[in-house]
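1. fold the following.
(chains A and B)
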Amino acid sequence: MKRQSIRSGSRLAYFFVGPVQIVLTLIILVPIIMTLILSFQNYTYGKPASFVGLDNYVRIFADRNFKRALINNIIFVNLVVYGELLLGFGMAVFFKRKMALKKFSIAVVMAPYAVSTVLGALMWRFMLEPDIGMLNGFLRALSFGQLEWTTRPFHTFIVLIFLSIWLNVPFTFLTLYNSLLGVPNDLFEAARVDGASAGQVFRFITLPTIMPAILISLMFRYIFAFRTFDIVWILIQGGPFRSTELLSLYLYRQAFSYFNFGIASAVAWIMVLVTILMGAYYFRVLYKRMFKNEY
Amino acid sequence: MKRLSILILAVLLFGSIALVGAQSRFVVLGHKVHQQVSTGGPGGDIVSEWLKKAGVSSVEWQTLGSNNDIRDKLFREATLSSTDISVGFVLNTSLTPAVKEMFEPLDSFLASAPIEDFQDIFPGLRDAAKFDGKTYAIPFRHATSALHYNEAFFEEKGIKGPPKNIEELLEFIPKLTFTRADGTPVYGFVIPGKGEMYANTVDLARAWDGDFVSMDYKSSANKYGMVKAISTLADLYKKGYYPKAFTSIANNDLNTWMQQGRVAMTISSTGRNTFYNDPKQSLYPGKIKTIPIPASKEIQSKYPVAPAKTEFWCMVIPKNAKNKAQAWDFIRSLSTKDATLKAALNGNGPVRASTYNDASFQKMVPYWKAEKDILDVARVAMPAFDNATQAADLFNEYAQAAIIGNMKVQDAMDRLAEEVERLLP
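-> All right, here's what the predicted structure looks like:
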């Protein structure tokens, strides 16, 4: 009687949840499949789509702009993600201590997350304006020269990395800070009693305890940082001379400037596969920790 | 039961309103400025006259803010099985041989219900809307480049301007590059280096009758005119007379620079004269003058003024539009001499030569003579072809590298010409 009521309850649950699940699956799955199919086609406005096999992928990998964008992306993502991790973790450890005006300070640190990326990029663009921007004026006043981010690719890259970290470090900080707060004090006390040094406490207690939060933070940031488009486009559209173009901009140009929808779809799938490859290690470690209890 | 009856009645009522609304919709997709010049201003509403004749209740204007957005929406609509859009505005640079297949050829309409004095429309504009001898679009609004200069700076520096030829312009630049009393740096001459940089640089190259891609589809980036233009900019950059920020300066940014007095001379469309002199926004209202881009002494015997670039918006009928006859009637109505004049008085760039002879237009547009002189010799920045946008991006890449000094100018232009050659039809 009880088993029957559980089964009929489950059936009822499926009945209510099912339609939403079906709609969500269609909304997410259908475009994914369509994009995959399109990646094997040559399709643009004014001409019917035609199957070209792997030709789009071959053309993409032969394109120097794609190769440059791919390398740029890998460097950008790693510098941004690990930069955010170090900075976010440092801030989390700093704020864990007792200090005056803690809440206000945390609010200041979190403020960039409340700013839209478009506005943030525009704001920094004006502040970094070579002739009248206040930041370059400040650097000149201190005899540090000038940040030539509009004409020197290395400087442009530095600015883009800085901007991305500035906008997104609050997320990493918040994740790690909450995780740090959740480490039981008993463990620290026990370690102190046993005579562990600060480094040993950090290495054997703090780090392993917050590792799931670090991994989740890394994974999320990898995925989102890989798709960065707005700050690069608003600042300088991948310039100077397309030297700082990322894969997202390359895809955008293929789709919305050149109308090469087949190639754009292929680039999208390449981005998905590269993201999975780059995050695979973290996915595996997280899986082992959470589902297999292996450390 | 009562509630059900009310519900059914409501559905029937709203449904019939929607159905009636759908049947009488006449949708025009374009830029906000197309609606503005067609429906309001000193010239009056040219669309209302057509509405009365056509028996249409209203025109539903779907306006977007940029060419890219309009093009994107129009092309997507044109690929559907049918569209509500009756007439679309498209920039000539977006009307490529592949894309034209989505729009109705207009020759049969021109034959059965011709546009008034079609030959009065500037030939450069008419011809640019033709493919394989067929007309696919009717020009409506042009944007033609001219030289704008700040008279106040010329007076301040004791320069008797404006420049009579490009050589003189180049001599003026160092004198007009200075720092204002309030500490704001002023540059003698700037053109945008972001976005479609080729279009702005072609304007400068035209001073030597140069091109990026010639009208007969020859890659011309490494020919004399364009190399001269890029070399000029590279030289100015090297000497500090050109802003380091040029790769991040778009058209809108430069408009602000002119208004704020950060640049003494620039090249942009003639219509910007009103914008630069707007007393509400400009620090130099009434001081920004507009003249044709001065040609080089080398070509002035052939071209008294530089054959500047012109772009134009034109009207097309999607092949999947529901009422093409009515759409053609709308286009025809907006293309008459009277409608063209009225739209011009509303601030439109008129595509007819006869409009420039009208006294009321001449009174309203102080730069009308300059504009007419330019249009007599103007040509499009680049002929339309399917890979034009890729070519434009290549231009940005190599031109920026050459100006900054990362590549030698001739080397950069040679490589650019070679890569563009592969993209040409």
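2. what residues does the stretch 51-200 of chain B put near chain A?
-> With Cβ under 8 Å from any Cβ of the partner chain as the criterion, the stretch 51-200 of chain B meets chain A at residues B:68, B:72, B:75, B:78-79, B:98-102, B:184-185, B:194-195. Any C-beta I mention is one placed from the backbone N, CA and C, and that applies to glycine too.
3. of those residues, closest to residue A:289?
-> residue B:72 (45.3 Å; Cβ to Cβ).
4. surely that closest one is in contact with residue A:255?
-> No: with contact defined as Cβ atoms under 8 Å, residue B:72 does not count as touching residue A:255 (9.8 Å).
5. the strand or helix carrying residue A:155: which residues count as buried?
-> Assessed by DSSP states H and E, residue A:155 sits inside helix A:153-181. Of all the residues in helix A:153-181, those buried under the rule 16 or more other Cβ atoms under 10 Å in any protein chain shown are A:153, A:155-157, A:159-177, A:179-180.
6. next one: the next helix or strand after it to chain centre, how far?
-> Sequence-wise, the next helix or strand downstream of helix A:153-181 (DSSP H and E) is helix A:185-193. On the basis of Cα atoms, centre = their mean, to the nearest Å, helix A:185-193 sits 35 Å off its chain's mean C-alpha point.
7. mean confidence score for the following helix or strand past helix A:185-193?
-> Using DSSP H and E, the helix or strand that follows helix A:185-193 towards the C-terminus is helix A:198-201. Mean pLDDT, computed over helix A:198-201, is 87.
8. what's the first helix or strand after helix A:198-201?
-> Counting by DSSP H and E, the next helix or strand C-terminal to helix A:198-201 is helix A:207-226.
9. and that following helix with helix A:153-181, angle?
-> Angle, helix A:207-226 to helix A:153-181, by axes from the mean of the first three to the mean of the last three Cα atoms, to 10 degrees: 140 degrees.
10. quick one: residues contacting residue B:422.
-> By Cβ atoms under 8 Å, 6 or more residues apart in numbering or on different chains, the contact set of residue B:422 is empty.
11. I meant to write residue A:222 there.
-> Counted by Cβ under 8 Å, 6+ apart, residue A:222 has contacts A:77, A:81, A:275, A:278, A:279, A:282.
12. go with 7 Å
-> A:77, A:81, A:275, A:278, A:279 (Cβ atoms under 7 Å, 6 or more residues apart in numbering or on different chains).
13. got the phi and psi for the third one?
-> Read that as residue A:275. Backbone dihedrals for residue A:275, given as degrees, to the nearest 10, come out at phi -60, psi -40.
14. number of residues surrounding it?
-> Residues within reach of residue A:275, counting by other Cβ atoms under 10 Å in any protein chain shown, total 20.
15. now swap in the fourth one and tell me
-> Burial measure for residue A:278: 19 neighbouring residues, criterion other Cβ under 10 Å.
16. how much space separates residue A:45 from residue B:78?
-> Using Cβ to Cβ, to the nearest Å, residue A:45 is found at 7 Å from residue B:78.
17. let me fix that: residue B:322
-> Distance, residue B:322 to residue B:78, using Cβ to Cβ: 13 Å.
18. quick check: next helix or strand after the worst-scoring helix or strand of chain B on mean pLDDT?
-> Here the helix or strand of chain B ranked lowest by mean pLDDT, DSSP states H and E is helix B:2-23, holding a mean of 66. The element immediately downstream of helix B:2-23 (helix or strand, assigned by DSSP H and E) is strand B:27-31.
19. with just CA atoms, put that next one into PDB.
-> Below are the C-alpha coordinates for strand B:27-31, written out as PDB (Å, rounded to 0.1, in the frame of the first residue of the first chain):
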ATOM      1  CA  VAL B  27       5.800  48.000 -42.000                       C
ATOM      2  CA  VAL B  28       8.900  49.900 -42.900                       C
ATOM      3  CA  LEU B  29      12.200  48.900 -41.300                       C
ATOM      4  CA  GLY B  30      15.000  51.500 -41.100                       C
ATOM      5  CA  HIS B  31      17.000  53.900 -39.000                       C
END
